[in-house]
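> Whatever this is, show me its structure:
(chains A and B)
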There are 2 protein chains.
Amino acid sequence: MKLYSYWRSTTSYRVRAVLNLKGVSYEQEAVDLVAGDQSSADYKAMNPGAGVPTLVLDDGTVLTQSLAIIDYLDATYREPSMLPAKAIERAPVLAAALTVATDIHPVNNLRVIAQLRARYGAAPEQTQDWMCYWMAEGFAALEAQLTEKDGFAFGDSPDLADICITAQCYNAHRWGLDLMRFPKIARIEEACLAVPEIAAAHPDRQPDAPQT
Amino acid sequence: MKLYSYWRSTTSYRVRAVLNLKGVSYEQEAVDLVAGDQSSADYKAMNPGAGVPTLVLDDGTVLTQSLAIIDYLDATYREPSMLPAKAIERAPVLAAALTVATDIHPVNNLRVIAQLRARYGAAPEQTQDWMCYWMAEGFAALEAQLTEKDGFAFGDSPDLADICITAQCYNAHRWGLDLMRFPKIARIEEACLAVPEIAAAHPDRQPDAPQT
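Prediction:
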């Protein structure tokens, strides 16, 4: 299968982590969001929302939206599972994952920032403050949802909440949000990045990341 | 069970529709988002993200995030199912639902609008344009994902994509976005509102809606 993704995209990071954890091999094709690759006619024919990632299966089936892709992967390659089997145990994991996926990430998307610039002439320090504001709000809500324990967010192995939180932490570091205020989140990121399959999904280790 | 919700909230509308379709009885407790009820200490103790809806089960278990609540309801009250059983058939339904739930709704949330006012002095016509811009972008992406057929988005009965789309259509009407440009979405809303259980979940029919 082929994953169309961008190194810095946290939604791409989520899907790479799940593919790696499940041991699924895949090719990567870079979609440079800063250059505008996502708006080409060819790409939009696959992904009308002009977002990343897009996963193309070997039979040509096109999957979009990171959480929908992860649902497919989790059902198709069952181990390790990304969600508890019991609905009542799944609910808090999904709620934490969705706090990142709906309350933080979309409001900080590059296209939202572009609109803040175009409509209100937002300066770089203003867009950075926008980014950090929504992350701090969402992370505070997450801290209150998470329990005091060691390691991963809910269980003994990384789940969907861990993956969404860890990917969002990359953005927090990028935009200068101090994770000291969010000790549970910092602990989860540390536990996840100690897992080789998740570490291998980190933006800096992708083929389209700038070479240092 | 008790649903903490707000009549105009589209995420509350989603959960009400699913509860009604599954024939689950519930009490409603109004959370007036305009008055700021969601920021009270008591409410935030249940829902740290200060959002609606919150579903409290009879044993006191608290569920948050509309899509996590719907996942729980769908697993617990199986008929009618909100998602196809096969992963490959579920993927496009989830992708369409997530186009609403991640690409449209969060960027148009009341708290985002409040920040546009506070940070940039956005005037009412500017916030209305912001609302309509993201709905038009997301609806155009949805139109390209949906197939030409009659009735519901994917199957012969309403699923998660139908519910998310129909709830978002309420906001489209509210903010003056013309659905004529989006014939598949308009068709889906029409099919859904012809289902009594979904029509009963409409904002205007809730106990906390203004009496006309």
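> Which helix or strand lies directly C-terminal to the helix or strand where A:Ala95 lies?
Remark: A:Ala95 resides in helix A:87-98, with elements defined by DSSP states H and E. Counting by DSSP H and E, the element after helix A:87-98 in chain order, helix or strand, is helix A:110-120.
> Could you name the helices and strands sitting against that next one?
helix A:124-145, helix B:110-120, helix B:124-145 (3 or more Cβ pairs under 8 Å, 6 or more residues apart in numbering or on different chains; DSSP states H and E). From N, CA and C alone the C-beta is placed, and that goes for glycine too.
> now for those helices, which one comes closest to B:Ala97?
helix B:124-145 (10.0 Å; Cβ to Cβ).
> Just the residues contacting stretch A:73-87, thanks.
The contact list for stretch A:73-87 (Cβ atoms under 8 Å, 6 or more residues apart in numbering or on different chains) reads A:15, A:18-19, A:21-24, A:70, A:90, A:93-94, A:154-155, A:157-160, A:163, B:71-72, B:75-76, B:87, B:90.
> quick revisit: out of the helices and strands packed on helix A:110-120, which gets nearest to A:Val100?
Here helix A:124-145 is closest among those (Cβ to Cβ), at 6.6 Å.
> Residues contacting that closest one, please?
Outside helix A:124-145, the residues that reach it (Cβ under 8 Å, 6+ apart) are A:92, A:95-96, A:99-100, A:103-104, A:107-108, A:113, A:116-117, A:122, A:165, A:168, A:171-172, A:175-177, A:179, A:181-185, B:44, B:48-50, B:64, B:115, B:119.
> starting at the chain centroid, how far to that helix?
In terms of Cα atoms, centre = their mean, to the nearest Å, the centre of helix A:124-145 is found 15 Å from the chain centre.
> Give me the buried positions along that helix.
Using 16 or more other Cβ atoms under 10 Å in any protein chain shown as the test for burial, helix A:124-145 gives A:126-128, A:130-132, A:134-139, A:141-142, A:145.
> And for stretch A:52-59?
Within stretch A:52-59, the residues that qualify as buried are A:52-56, counting by 16+ other Cβ under 10 Å.
> Identify the farthest-apart pair in the residues you listed.
Most distant of the buried residues of stretch A:52-59, by Cβ to Cβ, are A:Val52 and A:Val56, 12.5 Å apart.
> Chain A: helices as residue ranges?
A:10-21, A:41-46, A:66-76, A:87-98, A:110-120, A:124-145, A:160-174, A:183-193, A:196-199 (DSSP state H).
> Report the buried residues of the third one.
Pointing back at helix A:66-76 there. For helix A:66-76, by 16+ other Cβ under 10 Å, it's A:66-75.
> a markdown table for those, including distance to B:Asp204 and pLDDT?
Compiled in a markdown table, these are given as follows (distance: Cβ to Cβ, whole Å; pLDDT from 0 to 100):
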| residue | distance to B:Asp204 | pLDDT |
| --- | --- | --- |
| A:Ser66 | 34 | 98 |
| A:Leu67 | 31 | 98 |
| A:Ala68 | 31 | 98 |
| A:Ile69 | 36 | 98 |
| A:Ile70 | 36 | 98 |
| A:Asp71 | 33 | 98 |
| A:Tyr72 | 37 | 98 |
| A:Leu73 | 40 | 98 |
| A:Asp74 | 38 | 98 |
| A:Ala75 | 38 | 98 |
